Every structure is written in C-alpha cells, then in structure tokens.
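using only what follows, build the 3D model:
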Amino acid sequence: MSQAMQKLFGTDTPVLLAPMAGVTDAAFRGICREMGADFSYTEMVSAKGLHYNNKNTATLLDASPPELSGGYGVQLFGAEPEMVARAAKMLSETQSGLKLIDINMGCPAHKIVSNGEGSALMKNEPLAARIIEAAVKASALPVTVKFRKGWDGEHINALSFARMAEESGAAMITIHGRTREQMYSGTADRDIIAKIKAAVKIPVIGNGDIFTGQNALDMIKQTGCDGVMVARGAEGNPFIFREIKAAFANIHYDAPSYAMRIAAAIDHAERLTKSRRDRAIVEMRKHVSWYLSGMHGSAALRGRVNSITSLDELKELLNEYLDTVKGKELRYELHPIC
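All right, here's what the predicted structure looks like:
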C-alpha cells in the first residue's frame, strides 16, 4: 500500500489529523501540520449547506497555508446521494490544494444521526453504497470514507461495510473501533480494524484511542493498518504528531514544557483571531482548557479563561500564569494530555 500512501500523503505510514467538528479549525490544523501531521481535513461540511450556499458552511472550507501547499481533505456529510455528489464535484473542481473528498459515515452525534447521516448510514448499507458511488462518479479527486465498528453491540457490520465501500469505489477507508452506541466510552476495538485490513485491498487507516506515540505504534503493529488518524489525542496537544513521528523513528521524545504549551495556545489564538474575528476568543476557551490540562494550578486558571473577551486579555492571563509557575514545572509530574 506504500505506493498509494505516497501518492496521497507523501509518506508510507501517514499520521493524519482527524476532522472534528468545533475543534479542527484551519488555525489549529495549520499548527498540527507544522508539528508533523502528514495530512488534515476540514471540520465536517454539510453537503446540503453547500448546496444552499450557507455562509457558516462556506467558512468551514478555509484552509491553512500548510494545507494549501501540501494538500488537505474536505469531509462531507449527507444522506442524499445526489446532494453529496454535487458537493463532491463542486469542491473537487474549485478548492485550491484539495487532494481528496472524505465522506463521514461515522459521526455519532445525535443531531447528525437523527437526520440519517453520519453513523446512521451504517444501518443502511444500500444507501451508503449509493452515496459513495455517486460521489466517486462526480468527483475529480479520490473519495474516501470514515466509519465505525457498527451501530451497537448487536449490529457490528464494519467488515461488510468496508467491503461495500471498496466495491463502491472508495480509494481509502478509516475505521474508528467503537460503535455509535459507545460514542467515546470504553476501548476502541483494534481487532475489527485488523480484520478489515485483511479483507480489503484499499488502504486502511486506524482510528481510536491514540493519545501517545506508543498508542500509534501499537495500532500499526496490532492491526497492520496503513496509517493512523489522531482525534481527541490532539486536543490541546498538537505536539502529539512530533511524539508519534519520534516513536515511528525509534528516537527519544521530550514532552513539551509549560512554556511551549502556553506559546502554542497563544499562537493558536492569534491565528484564529485573524480568520474568525467575531467568534475567535469564545471558540478558543475550550482549546485553552485543553492546552492547560494537567499543568500545575491550571484548574483555577481555566475558570478565568471562560470569562475573557479579547486576545490581549488571553495573552496577559496566560503569560501571567507562566510567570507564576516558573521553576515549579520540574517539581510536579507532567500528566498525560488527553
């Protein structure tokens, strides 16, 4: 599969940043790419929203400079084959730097599945097949699919779903080893990813519970998958891509210092402010909480972060905190960022 991976991502074993609604804005994706992520995707984009020229939907198509130069993917969601096909065609012909169209068939959020979209499509393989086939036919770029282990414990159909996606023309599939019922609880099932890898000929990306470099290594070793996709493990921790690359290369990795984590949070805020002026600071609140996770005395600081209203306030608050913890970092165990 190395030839296919090289063609899409420029590396044999790619480390991808997952598309996450409300999390992977263009600013954050740019930072992750600079930290070593081989590829990234927009947040989920509604095919219907594109059709009706929804302003908020169009904003999600913004790409970061590393993506424009190195390529990126747009993740679409929808339950109407014609609508998804039109969106795939339009995007593949107009978006600068775009390398592939990914179709979301794994999102477990209630507002998505209640419309028959996301992981709800795992309950309707014939419709899912028509969506993939229509997108493949319409798109000038490769079409990939992301899905889950199944709908619930009694409906585990990822294996048949993977075969269907391959037969429908998908160029690659990504599997999250949990059911929709599990949401993000329990442990991601790597055995199902291994079974799928053995059953299909297209590249398979493993997703779920990748919070460290060792987690990524284990995913590759235990499943034989062609690459890994990092989701929650990157929240507040874009450094994870450096950690994974170090693990792959079998070289030592030093965890980021408090100063490095604060600098990354401020960098993220500055970039986001340039692209989303009106909502940037409100959107940054959750990101800052993740950046601060596990840092000494950060619980009280996170409460103050939720009341800030400007970039200057945020920078002042974070720099003030950094001054108070100088010299203390080495006296406290650095908790894993989750």
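
give me every residue that touches Phe77.
Met44, Val45, Ser46, Ala47, Ile103, Asn104, Cys107, Ile112, Glu117, Gly118 (C-beta atoms under 8 Å, 6 or more residues apart in numbering). Heads up, the C-betas are built off the backbone N, CA and C, glycines and all.

can you redo those as a markdown table with pLDDT and distance to Ile220?
Below are these laid out as a markdown table (pLDDT from 0 to 100; distance: C-beta to C-beta, whole Å):
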| residue | pLDDT | distance to Ile220 |
| --- | --- | --- |
| Met44 | 96 | 26 |
| Val45 | 97 | 29 |
| Ser46 | 96 | 33 |
| Ala47 | 96 | 32 |
| Ile103 | 98 | 24 |
| Asn104 | 98 | 24 |
| Cys107 | 97 | 25 |
| Ile112 | 97 | 29 |
| Glu117 | 98 | 30 |
| Gly118 | 98 | 27 |
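
tabulate these (a markdown table), appending neighbour count, distance to Pro19 and secondary structure.
Below are the contacts of Phe77 laid out as a markdown table (neighbours: other C-beta atoms under 10 Å; distance: C-beta to C-beta, whole Å; DSSP: H, G, I helix; E, B strand; the rest coil):
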| residue | neighbour count | distance to Pro19 | secondary structure |
| --- | --- | --- | --- |
| Met44 | 26 | 6 | coil |
| Val45 | 26 | 9 | strand |
| Ser46 | 20 | 13 | strand |
| Ala47 | 26 | 14 | helix |
| Ile103 | 26 | 11 | strand |
| Asn104 | 23 | 7 | strand |
| Cys107 | 24 | 9 | coil |
| Ile112 | 21 | 13 | helix |
| Glu117 | 25 | 14 | coil |
| Gly118 | 26 | 12 | helix |
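
for the residues you listed, which one is nearest Asp62?
Using C-beta to C-beta, Val45 comes nearest to Asp62 of the contacts of Phe77, at 11.0 Å.

which residues does that closest one form beta bridges with?
Note on Val45: beta-bridge partners by DSSP bridges are Leu76.

can you give me the end-to-end span of stretch 204-214?
With C-alpha to C-alpha, to the nearest Å as the measure, stretch 204-214 spans 19 Å from end to end.

for stretch 249-265, that is, sorry about that
27 Å.

do the same with stretch 14-21
Termini of stretch 14-21 sit 22 Å apart (C-alpha to C-alpha).

coming back round to it: want to throw the contacts of Phe77 into CSV with distance to Glu181?
Formatted as CSV, the contacts of Phe77 follow (distance: C-beta to C-beta, whole Å):
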residue, distance to Glu181
Met44, 20
Val45, 26
Ser46, 24
Ala47, 25
Ile103, 21
Asn104, 18
Cys107, 14
Ile112, 15
Glu117, 17
Gly118, 13
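
what segments of the stretch 201-338 of the chain are strands?
Secondary structure of the stretch 201-338 of the chain by DSSP state E, counting those that start in this stretch: the strands cover 204-207, 227-230.

possible to save these as JSON lines with mean neighbour count, mean pLDDT and distance to Gly30?
Putting the strands of the stretch 201-338 of the chain into JSON lines (neighbours: other C-beta atoms under 10 Å; pLDDT from 0 to 100; distance: least, C-beta to C-beta, whole Å) gives the following:
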{"stretch": "strand 204-207", "mean neighbour count": "26", "mean pLDDT": "98", "distance to Gly30": "21"}
{"stretch": "strand 227-230", "mean neighbour count": "26", "mean pLDDT": "98", "distance to Gly30": "16"}
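
out of those, which is closest to Thr24?
Here strand 227-230 is closest among the strands of the stretch 201-338 of the chain (C-beta to C-beta), at 10.5 Å.

show me what that closest one is packed against.
Where contact means 3 or more C-beta pairs under 8 Å, 6 or more residues apart in numbering; DSSP states H and E, strand 227-230 is packed against strand 15-17, strand 204-207, helix 213-223, helix 240-249.

to Gly71, which of those lies closest?
Gly71 lies closest to strand 15-17 among those, at 11.6 Å (C-beta to C-beta).
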